[in-house]
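Engineer: For reference, the sequence and a predicted model appear below.
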Amino acid sequence: MKVTITGSNMTAKIASLMFALVLWLGVSLNAPFTYKVDLPIKYIGPSEGFVVTGQYPGRVLVLIEGSGKSLLPFSLMRMRDPGKYYALVYLTGLTKGKHQIELDKTNINVSDDGSLEVQSILDKAFFPIEIDRVITRNIPVNTDSLPPYQLEKGYVIVGKPRVRPQFIVVQGPEDTLAVIKSVRIVSMERNKISLKDTVLKASVGTEFGNLVSLNPEVVELSFTFEPFAQKVFVNIPLTLKSFPRKNLPDFTPESFSVDVKGPESIVSKLKPDDILVTLRYQTYLELTAQGENLVRPEIIFPEGLDVTLIPEFVRFTVNPEKG
């Protein structure tokens, strides 16, 4: 009977494997390697009174070289502290305008002791960047469009709310501030306005994000209330604008009812002559060219009212006898 001693063979195999591993590590740790690595970019600057606008890269891809003995602690350190190694870009001293940035290999930190070096920059070696001057302007608050709100039943707001302060100190890039005409109301502290408390705080903002700062960021809105009133005016005639005197089409109807809602002080003084229902000749021509025969007339009425035309449309036909 043949007897095989497996223990001794297994020990020999493990010893041989360990020896091969140590030998491989010894050779690998001392052998030269190249390695692609994605590093963050840190920007120094720009100078005081300037700001970077537009898009700019946040990371750079480089090829580094060194021995395995150096790459191993480099990889372990990046896992522990991803921001330890980085590329530096100096923007100090750059003036307003577009600039082409050239990333310098000497400004890329990949080693504490110089055992690793940057062989080449694979991506973002060159990239554009835009610098703008920071300025300050006083810009008015716009109250034309407010977030949705509710009023006490039976009352309406008269006119626009008063705002304090009327102007906001806005700081940001010169080119950006040049296009900002007003600062908008983005939110209010509550959406219900009562007669007992007609003043509420509101937050202001712009669509230009972190590049623009506002001072203050909160304003006060003061509302004026009046009782709600409603009146219906009948037989308001259709007024034709710029139509030729001859060959006029037939319009149905030729007069309208107008339902008016709004503040009592305005509605109570309103007269039929204060409301005008009109149709312009150019509008008529455009619709006939499209084969349409229905049109919504324009209504001219005092500001601050909610007006409904009855009926909403007028039908027009060309009378053959007039054609």
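Structural biologist: Done, it's in.
Engineer: tell me which element the residue nearest in space to the middle of the chain is part of?
Structural biologist: With the centre of the chain defined as its mean C-alpha position, the nearest residue by C-alpha atoms, centre = their mean is residue 207, 4.5 Å away. For residue 207, there is no enclosing helix or strand under DSSP states H and E.
Engineer: measure it to residue 183 for me?
Structural biologist: 11 Å (C-beta to C-beta, to the nearest Å). Where C-beta positions appear, they are placed from N, C-alpha and C, glycine not excepted.
Engineer: shaky segments in this protein?
Structural biologist: Counting by pLDDT under 70, the chain has low-confidence residues at 1-30, 319-323.
Engineer: Please enumerate the helices of it.
Structural biologist: 6-30, 68-80, 174-177, 264-267, 281-289 (DSSP state H).
Engineer: From the contact counts, what lies against the third one?
Structural biologist: Using 3 or more C-beta pairs under 8 Å, 6 or more residues apart in numbering; DSSP states H and E, the elements in contact with helix 174-177 are strand 126-142.
Engineer: elements contacting the strand it packs on?
Structural biologist: Short answer (3+ C-beta pairs under 8 Å, 6+ apart): strand 126-142 packs on strand 50-53, strand 97-102, strand 167-173, helix 174-177, strand 183-188.
Engineer: tell me the angle the third one makes with strand 183-188.
Structural biologist: Looking back up the chat, that one is strand 167-173. Per axes from the mean of the first three to the mean of the last three C-alpha atoms, to 10 degrees, the angle that strand 167-173 makes with strand 183-188 is 110 degrees.
Engineer: Partner strands of strand 167-173, with direction?
Structural biologist: Using DSSP bridges, the strands paired with strand 167-173 are strand 126-142 (antiparallel), strand 213-215 (antiparallel).
Engineer: which outside residues touch it?
Structural biologist: For strand 167-173, the external contacting residues (C-beta atoms under 8 Å, 6 or more residues apart in numbering) are 51, 53, 132-141, 177, 180, 183, 204, 206, 208, 211-216, 219.
Engineer: Can you flag the buried ones in those?
Structural biologist: Listed as buried from these are 51, 53, 132, 134, 139, 141, 177, 180, 183, 204, 206, 211-212, 214, 219; burial here means 16 or more other C-beta atoms under 10 Å.
Engineer: The closest residue to residue 187 other than its chain neighbours: what's it in contact with?
Structural biologist: Nearest-residue entry for residue 187: residue 203, 4.8 Å, with adjacent residues in sequence omitted and distances by C-beta to C-beta, 6 or more residues apart in numbering. When contacts are counted by C-beta under 8 Å, 6+ apart, residue 203 touches 185-188, 217-218.
Engineer: biggest separation within those, which pair?
Structural biologist: 188 and 217 (13.4 Å; C-beta to C-beta).
Engineer: Give the burial count for residue 146, as a bare number.
Structural biologist: 19 (other C-beta atoms under 10 Å).
Engineer: Give me the phi and psi angles of it.
Structural biologist: Residue 146 has phi and psi values of phi -110, psi 160 when expressed as degrees, to the nearest 10.
Engineer: picking that back up, so for residue 188 and residue 217, which sits in the more crowded spot?
Structural biologist: Taking other C-beta under 10 Å, residue 188 and residue 217 do not tie; residue 188 has more neighbours (17 against 12).
Engineer: Fine, thanks again, bye for now.
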